[in-house]
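S.K.: Give the three-dimensional model of this entry:
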Amino acid sequence: MEAARAAKDDRFRNDPDSPVPPHARAAFRGLAYFPIDEAYRVTARVERLPSPQRVRVVASGGDVRDYERACVLRFELRGRALSLAGFVPEEGQSDEPYLFVPFQDATSGKESYGGGRYLDPDVPSGPTLSIDFNEAYHPYCVYDDSWSCVIPPPENRLPIAVRAGERLPDPRGATPPR
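M.R.: Numbering: from 1, shown residues only. Predicted structure coming up:
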């Protein structure tokens, strides 16, 4: 996981398609992360919906995105029974199928971006799915206001602090340099 984090830092610093604006890349010192914690790797029970439900999800730029609520992921974390909805983009929005799990938690707006973080676990093929919150990442609008990022729907707001994955560099909630 450390190698993947270092590669992402390099991509954010050097890739022409980086979400970090060109004027801020020289000052970019790398992303901040919570320490890797095995307790944040959980196995979720996948509850597939009889038929996917079309949902419209609001983004930070005020636009609305269409997804299908494909499943509910039920898991236990820090002794609490929790759940998150898993979404897939509507047909034609992506070349590859993927499961999109945006979420907010008690760190949102304090230790992590207030608009939430994202997970992209494998598309479930069986009754369970591994979720690794150590892989939670901030959306690109954290680095540049020109991006519009999905805001997690109310059903994906966790009542606990998930201190895993990307975090803000300033624990008081300051955003990275723009």
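S.K.: Which residue, other than its chain neighbours, is closest to the residue nearest in space to the middle of the chain?
M.R.: Centroid-nearest residue in the chain, with Cα atoms, centre = their mean: Tyr118, separated by 0.8 Å. Closest residue to Tyr118 apart from its sequence neighbours, by Cβ to Cβ, 6 or more residues apart in numbering: Pro102 at 5.1 Å. C-beta coordinates here come from the backbone N, C-alpha and C atoms, glycine included.
S.K.: didn't the residue nearest to the centre of the chain look like it was pressed against Val142?
M.R.: No - applying Cβ atoms under 8 Å as the test, Tyr118 and Val142 come out as separate, 10.9 Å apart.
S.K.: Run me through the strand neighbours of the longest strand seen in the chain, direction for each.
M.R.: The longest strand of the chain (DSSP state E) is strand 41-58. Sheet pairing of strand 41-58 (DSSP bridges) gives strand 64-77 (antiparallel), strand 128-132 (antiparallel).
S.K.: Glu135 against Gly165, yeah?
M.R.: Yes - counting by Cβ under 8 Å, Glu135 touches Gly165, with 6.0 Å between them.
S.K.: quick revisit: so which strand or helix has the residue nearest to Tyr118?
M.R.: strand 101-103 (DSSP states H and E).
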